[in-house]
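Enquirer: Output the structure for:
(one chain, ligands or ions: 1)
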Amino acid sequence: MPIYNFSAGPAVLPQEVLQQAAAEMLDWHGSGMSVMEMSHRGKEFMSILEATQRDFRELLAVPANYKLLFLQGGAIAENAIIPMNLAGRKGQPATADYINTGSWSSKSIKEAKRYCNVNVAASSEAVHFARIPARDSWRLSPDPAYVHICTNETIDGVEYHFTPDVAADTNNAPLVADMSSHILSRVVDVSKYGVIYGGAQKNIGPAGLTLVMVRDDLLGNALPGCPSAFDWKIVADNDSMYNTPPTYAIYIAGLVFQWLKRQGGVAEMERRNIAKAALLYDYLDSTDFYRTKIASDCRSRMNVPFFLSDEALNEAFLSGAKERGLLQLKGHKSVGGMRASIYNAMPIEGVQALVAYLKEFEHSA
Ligand code: PMP
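Expert: So this is what the prediction gives:
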């Protein structure tokens, strides 16, 4: 029986990548060493790092004036690292604008308040984060140091299907986006953003690696209290080697990037992700037995929260799913219900198996 893992993260990785990593585990390319045992400054690991950086830049067509940084601490650490690097741009005390679209942007806001003034320019909290606030409702401060958005809310299941415009929507301030849970799932015009960041453990690889893309002109403004390992300029000047980077996580990310290129790149992943999400949402929409709460034009293609109309059946639903190899479907504790995360590495067959089970469970209940 095939196993399909719907975890929100750490999440499913491509089978081919895991097989390759297993084959190379004890002896990487005749080096006599596991990647885990290599000096991060040795020629073997340097070749892995360079290929990983090159492939990522190619996959997302990252313009030359952006630095790609490999950091640690996850997106939660970035919630502090971002104001520590950007709030100094405007002199102190600076104000940064945030759009609150769910659990993760709420966390970003809470953390940023420790470093600068925060103006919540728009929030969908009053509608239980069921949609992205309309752009004409954003109330920006006059001269924000940056405008922060979370382009895919992993817990609530909302996703931006538009890119805010820097002149019209952010008062010409740089747009900073947490793309943790949908990076590489769709084509992105990187040049529209000042900073894009995310943890790796959804669409990229194992936990422990954080990616940051930052436009050159935004470097060099770190607040005096910013730890040097988190000062983006220092990290960029040292090509992500200021401290020892998470070498094995970078290696696996590199294998995932090679896999993505073999699949046809990000445009092909986006095509598949649209098809996978449509399959699942179309079925959920066709019945009253299951419910979704997100406005149809804001639904995430990656994280699909859904609810049984009769919540008393939740446990039976989950245990039946597990028997059929459909794992980790339980919703986040703050939202309840179910959540299917259908990242790049989830094949369409996994979504088909889930929809078949949704039907079977409904008819047997
Ligand atoms: N932002 C988003 C959108 C996330 O999905 C997550 C993790 N689920 C985080 C931030 C926090 O990431 P980490 O735990 O890696 O710090």
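
Enquirer: Helix or strand with the lowest mean pLDDT in the chain?
Expert: Within the chain, no helix or strand scores below helix 166-169, which has a mean of 76 by mean pLDDT, DSSP states H and E.

Enquirer: now that one: how far from the chain's centre is it?
Expert: Remark: helix 166-169 is offset 23 Å from the chain centroid, using Cα atoms, centre = their mean, to the nearest Å.

Enquirer: just stretch 323-331 next, same as before
Expert: Stretch 323-331 has its C-alpha centroid displaced from the chain centroid by 21 Å (Cα atoms, centre = their mean).

Enquirer: Let me see the mean pLDDT of that stretch.
Expert: The average pLDDT within stretch 323-331 is 98.

Enquirer: So what touches that stretch?
Expert: Outside stretch 323-331, the residues within contact range by Cβ atoms under 8 Å, 6 or more residues apart in numbering are 1-8, 305, 307, 317-318, 321, 337-341, 350, 353-354, 357. C-betas here are computed from N, CA, C, even on glycine.

Enquirer: Would you map the strands across the stretch 1-150 of the chain?
Expert: Remark: strands assigned in the stretch 1-150 of the chain by DSSP state E, counting those that start in this stretch are 4-5, 66-71, 95-100, 117-123, 147-150.

Enquirer: which parts of this protein sit against the ligand?
Expert: G9, G74, A75, I76, W104, C150, T154, D178, S180, S181, G199 (Cβ under 6 Å from any ligand atom).

Enquirer: now with 8 Å?
Expert: 8-9, 73-79, 104, 107-108, 150, 152-155, 178-181, 198-199, 201-202, 207, 210 (Cβ under 8 Å from any ligand atom).

Enquirer: Derive a ChimeraX selection command for the buried subset of the residues you listed.
Expert: Provided next is the ChimeraX selection string for whichever of those are buried by 16 or more other Cβ atoms under 10 Å:
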select :8,9,73,74,75,77,78,79,104,107,108,150,152,153,154,155,178,179,180,181,198,199,201,202,210
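
Enquirer: sorry, back to before: out of the strands of the stretch 1-150 of the chain, which one sits most buried?
Expert: When the strands of the stretch 1-150 of the chain are scored by mean count of other Cβ atoms under 10 Å, the highest mean neighbour count falls to strand 147-150 (a mean of 28).

Enquirer: what's that one packed up against?
Expert: The contact analysis (3 or more Cβ pairs under 8 Å, 6 or more residues apart in numbering; DSSP states H and E) places strand 147-150 against strand 95-100, helix 103-112, strand 175-178.

Enquirer: need the ones you listed in a markdown table with mean pLDDT and distance to E362, can you?
Expert: Below are the helices and strands packed on strand 147-150 laid out as a markdown table (pLDDT from 0 to 100; distance: least, Cβ to Cβ, whole Å):
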| stretch | mean pLDDT | distance to E362 |
| --- | --- | --- |
| strand 95-100 | 97 | 35 |
| helix 103-112 | 98 | 29 |
| strand 175-178 | 98 | 35 |
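
Enquirer: would a markdown table of those with distance to L219 be doable?
Expert: As requested, those are exported to a markdown table (distance: least, Cβ to Cβ, whole Å):
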| stretch | distance to L219 |
| --- | --- |
| strand 95-100 | 17 |
| helix 103-112 | 19 |
| strand 175-178 | 14 |
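
Enquirer: Would you tell me which of these gets closest to F230?
Expert: helix 103-112 (13.1 Å; Cβ to Cβ).

Enquirer: just to revisit the earlier point, what about the residues of the chain next to the ligand, which are in helices?
Expert: Of those, the ones assigned to helices by DSSP state H are G74, A75, I76, A77, E78, N79, W104, K107, S108.

Enquirer: Out of these, the closest to K276 would be?
Expert: Nearest to K276, judged by Cβ to Cβ, of those is W104 at 22.1 Å.

Enquirer: Leaving out chain neighbours, which residue sits closest to that closest one?
Expert: C150 (4.8 Å; Cβ to Cβ, 6 or more residues apart in numbering).

Enquirer: What of S180?
Expert: Among residues not flanking S180 along the chain, G198 sits closest, at 3.7 Å (Cβ to Cβ, 6+ apart).

Enquirer: now swap in I76 and tell me
Expert: Per Cβ to Cβ, 6+ apart, closest to I76 is K107, 6.9 Å.

Enquirer: buried stuff in the strand or helix carrying K359?
Expert: Element membership for K359, per DSSP states H and E: helix 348-364. By 16+ other Cβ under 10 Å, the buried positions in helix 348-364 come out as G350, V351, A353, L354, V355, Y357, L358, F361, E362.

Enquirer: what sits against the third one?
Expert: If I follow you right, that is A353. Shown in contact with A353 (Cβ under 8 Å, 6+ apart): P2, Y4, R324, G325, L326.

Enquirer: again with the last one
Expert: Neighbouring residues of E362 by Cβ under 8 Å, 6+ apart: T287, F289, Y290.

Enquirer: Mark which of those residues are buried, thanks.
Expert: By 16+ other Cβ under 10 Å, these give F289, Y290 as buried.

Enquirer: right, and out of the contacts of E362, which lies closest to the ligand?
Expert: Distance to the ligand across the contacts of E362 (Cβ to the nearest ligand atom) is lowest for Y290, with 23.2 Å.

Enquirer: ok, what's across the strand from that closest one?
Expert: Beta-bridge partners for Y290, by DSSP bridges, are L308.
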